[in-house]
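Participant: Pasting a predicted model and its sequence here:
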Amino acid sequence: MATRHFLSLLDLTPQELQQLIDRAIELKAMHKRREVHEPLKNRVLAMIFEKSSTRTRVSFEAGMTQLGGSALFLSPRDTQLGRGEPVEDSARVLSQMVDAVMIRTFEHATVETFAAHSEVPVINALTDFNHPCQLLADMQAYHEVRGSIQGKTVAWIGDGNNMCHSYINAARQWGFELRVACPEGYDPDAELVQANKDRVQIVRRPEDAVQGAHLVATDVWASMGQEEESAQRLGIFAPYQVSPQLMDKADPQALFMHCLPAHRGEEVSHDMLDDPRSVVWEEAGNRLHAQKALLEFLLR
């Protein structure tokens, strides 16, 4: 059987993605019951981080431990990747020593090149283009509270960034409508939008995006690597803050999500994360369970 990778939500079928969500919910219940479940005993996950992380590192490392395996944290300071070794050479070597590789980096081409030369599954734990692992947690969080998201309307507010790109892929895979509200000049990838034009609409006013929406999601206005643009972006994105008042225009049963970390007072009002409609803490915790389901799927 060919090695399966998870570089994008499109690497799995809609049925496989829903299978992962269902399994993540099962694993979460087992975890709460403190059941020992170690199907990956003696398996090793290499975790390559070229971008800093809290949730991604802790969830993958804890997840491998709970599944009976182990994880190796590799920063650019610890590996030859940081000293200029070709990505394909690192992939050939590492994949002979570990059972899977998780990569959090800048250029999406890095994970694609690594996967093309790896003998073991490669997981995209975030690139500048997309963040599929986060969407597994998001879709799990919605399913747990409201059931199927198929046929619903989702509003993305803010930058057309990697998270926005993953929401576009999620709209295709889970069958929901997506409205993206962003300032001109900050649209998501044009080719990706065009490929999903039957499900994705770009608007300029947040109020138009959230009208009747069942899920409202946002992210920071300046992502890692865009720190020098922060001051400029603050002014441009100021009208795109998500607040309880904006949420009032959504469906009465609407949920709010943010992949975190959040900048209170910027993309979210100071009180939005603690609003009763917010499920950001459950969403964050689901990173553990969704990724455990993913690891099981790829390694078993």
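Facilitator: Yep, it's here.

Participant: Give me the contact list for stretch 152-160.
Facilitator: Counting contacts by C-beta atoms under 8 Å, 6 or more residues apart in numbering, the residues outside stretch 152-160 that touch it are 146, 163-164, 167, 171, 176-182, 186-189, 206, 209-210, 212-221, 223, 233, 237, 240, 242, 246, 250-251, 267. From N, CA and C alone the C-beta is placed, and that goes for glycine too.

Participant: Centre of the chain to it, how far?
Facilitator: What separates the centre of stretch 152-160 from the centre of its chain is 14 Å, taken as C-alpha atoms, centre = their mean, to the nearest Å.

Participant: Any of the contacts of stretch 152-160 buried? List them.
Facilitator: 146, 163-164, 167, 171, 176-182, 186, 188-189, 206, 209-210, 213-221, 223, 233, 237, 240, 242, 246, 250-251, 267 (16 or more other C-beta atoms under 10 Å).

Participant: Run through who's touching the worst-scoring helix or strand of the chain on mean pLDDT.
Facilitator: Among the helical and strand segments of the chain, the one scoring lowest on mean pLDDT, DSSP states H and E is helix 230-237, with a mean of 88. The contact list for helix 230-237, computed with C-beta under 8 Å, 6+ apart, reads G158, D159, P183, Y186, W221, A222, Q226, E266, E267.

Participant: Dump stretch 92-111 to CSV, restricted to CA.
Facilitator: Included here for stretch 92-111 are C-alpha records, laid out as CSV according to Å, rounded to 0.1, in the frame of the first residue of the first chain:
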residue,chain,number,x,y,z
ARG,A,92,15.4,10.1,2.9
VAL,A,93,17.4,9.7,6.1
LEU,A,94,14.7,10.5,8.7
SER,A,95,12.1,8.3,7.1
GLN,A,96,14.5,5.3,7.7
MET,A,97,14.6,6.0,11.4
VAL,A,98,11.1,7.1,12.5
ASP,A,99,7.6,6.0,11.7
ALA,A,100,6.1,9.4,10.8
VAL,A,101,7.2,13.0,10.4
MET,A,102,5.3,16.1,11.4
ILE,A,103,6.5,19.4,10.0
ARG,A,104,5.6,23.0,10.9
THR,A,105,7.3,25.4,8.6
PHE,A,106,6.9,28.5,6.3
GLU,A,107,6.9,27.4,2.7
HIS,A,108,4.3,24.8,1.7
ALA,A,109,6.8,23.5,-0.9
THR,A,110,9.0,22.3,2.0
VAL,A,111,6.4,19.7,3.2
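
Participant: so who does the residue nearest to the spatial centre of the chain touch?
Facilitator: In the chain, the C-alpha closest to the average C-alpha coordinate belongs to Q134, at a distance of 2.1 Å (C-alpha atoms, centre = their mean). Taking C-beta under 8 Å, 6+ apart as the definition of contact, the neighbours of Q134 are L126, M163, S166, C259, R287.

Participant: The closest residue to T56 other than its chain neighbours and D271, how far apart?
Facilitator: For T56, the nearest residue in space outside its immediate sequence neighbours is A125; the separation is 5.0 Å by C-beta to C-beta, 6 or more residues apart in numbering. Counting by C-beta to C-beta, to the nearest Å, the gap between A125 and D271 amounts to 31 Å.
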